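Student: Provide a 3D model corresponding to the input given below.
(chains A, B and C)
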Amino acid sequence: MPELPEVEVTRQGIDEPLRGARVLGVRLGKALRWPLGCGSARLVGATLGPVARRGKYLWLPLAREGHAAGGLLVHLGMSGSLALHPGGAAADSAGAPGAHDHFDLVTDHGTLRLTDPRRFGAVVYAPALDRAPASKLLARLGAEPFDPALTAAKLHEALKARRSPIKAVLLGGEVVVGAGNIYACEALHRAGVHPLARSDRLSAARAGRLLQALRATLAQALALGGSTLRDFSDVHGAAGAYQAEAAVYGREGLPCPRCARPVRRIVQAGRSTFYCAGCQRR
DNA sequence: AGTTAAACCTGGTTGC
DNA sequence: TGCAACCAGGTTTAAC
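Tutor: Residues are numbered from 1 along each chain as shown, chains lettered A, B, ... in the order given. As a prediction, the model looks like this:
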């Protein structure tokens, strides 16, 4: 599922409504990727602060009597989505959990519910963002794509240190976070860069174009509410609309919108890569 | 250091 | 209609 735009859409959907909410209880369904890492006593009675995002992770900070009291690190995996069921103090405003509802955070502002059929997602307690297990999960993450400190020159420099194909580098997230399979393909197409181009062989100009393309792609997806291939929806249950805008992703054999040559599909690192041999050069 | 594969899971689609 | 094979937004770990 969820790449940066979908995670950010989710963050924006829960941030305001949950600000200052008091945790009333926790419901756990089937195990997710990792155990929660704390008992409900650590969560109940705490209040939620502003929801942050790092890469594809959400951070829900908790406080007690005005003091930071750790937080929950949430990842949506491949098929996860969060829904917020408003309901005042009604603890069961979300209704009984369905087969794929694996985590409920019941608060006095409503119930935050994680639905994740494939259970690749995670909800993990950490005493702070820079403490385990959060620190370990975030340790290898690269730059935020919209961080102004990430300049074309900085990106170029980082890309020069990698010899992998550029698609693999984007997907890896150790240079720049946020692009998953859809947006990596789309950003490369927009930039005119071949997915098999070696990272360290991109010129400074092309690195700059790639950064611009990545930002434009992610921003457009964000504006459209993300992509919904099957599972994803925002916190109100609405689907994203970006998938209809995709130039290459999922369009094998269909004409490239720019040059009309058929979109090709190859496999890199076990993932499908879609590209146009006409307008993406090595 | 790189690339690849397998692992974690469920469900939808495709093809025989 | 049934069933097997394959595919899917991510990430971690192990192996060549």
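
Student: what about the closest residue to A:L4 other than its chain neighbours, how many residues close to it?
Tutor: Of all residues not flanking A:L4 in the chain, A:G178 sits nearest, at 3.3 Å (CB to CB, 6 or more residues apart in numbering). Using the backbone N, CA and C atoms, a C-beta is placed for each residue, glycine as well. When counting by other CB atoms under 10 Å, one arrives at 27 neighbours for A:G178.

Student: Likewise for A:L112?
Tutor: When neighbours are defined as other CB under 10 Å, A:L112 has 27 of them.

Student: For it, give me its contacts.
Tutor: A:L112 sits next to A:I14, A:L18, A:L82, A:A83, A:L84, A:D104, A:L105 when contact means CB atoms under 8 Å, 6 or more residues apart in numbering.

Student: Looking at those, which is nearest DNA strand B?
Tutor: Nearest to DNA strand B among the contacts of A:L112 is A:A83, at 17.0 Å by CB to the nearest atom of the strand.

Student: where does chain A dip in pLDDT?
Tutor: A:1, A:88-92 (pLDDT under 70).

Student: And the residue of it closest to DNA strand B?
Tutor: Closest point on chain A to DNA strand B, by CB to the nearest atom of the strand, is A:S164, at 2.5 Å.

Student: mind listing what that residue touches?
Tutor: Neighbours of A:S164 in contact, by CB under 8 Å, 6+ apart: A:G172, A:R198, A:S199.

Student: Make sure A:Y125 is actually in contact with A:G70.
Tutor: Yes: counting by CB atoms under 8 Å, A:Y125 does reach A:G70; the two are 6.1 Å apart.

Student: what is in contact with the two at once?
Tutor: A:C38, A:R42.

Student: Comparing these two, which shows the higher neighbour count?
Tutor: The residue with more neighbours, out of A:Y125 and A:G70, is A:G70; 22 against 19, by other CB under 10 Å.

Student: Look up phi and psi at that one.
Tutor: Here is the backbone geometry of A:G70 (degrees, to the nearest 10): phi 70, psi -160.

Student: List the contacts of it.
Tutor: A:C38, A:R42, A:P61, A:L62, A:Y125, A:A126, A:P127, A:A128.

Student: Give me the nearest residue to the fifth one, chain neighbours excluded.
Tutor: Read it as A:Y125. A:C38 is the one closest to A:Y125 (CB to CB, 6+ apart), at 3.9 Å.

Student: Following the chain onward from the helix or strand harbouring A:E157, which element is next?
Tutor: Per DSSP states H and E, A:E157 falls inside helix A:152-160. Using DSSP H and E, the helix or strand that directly follows helix A:152-160 along the chain is helix A:166-172.

Student: Understood, closing this out.
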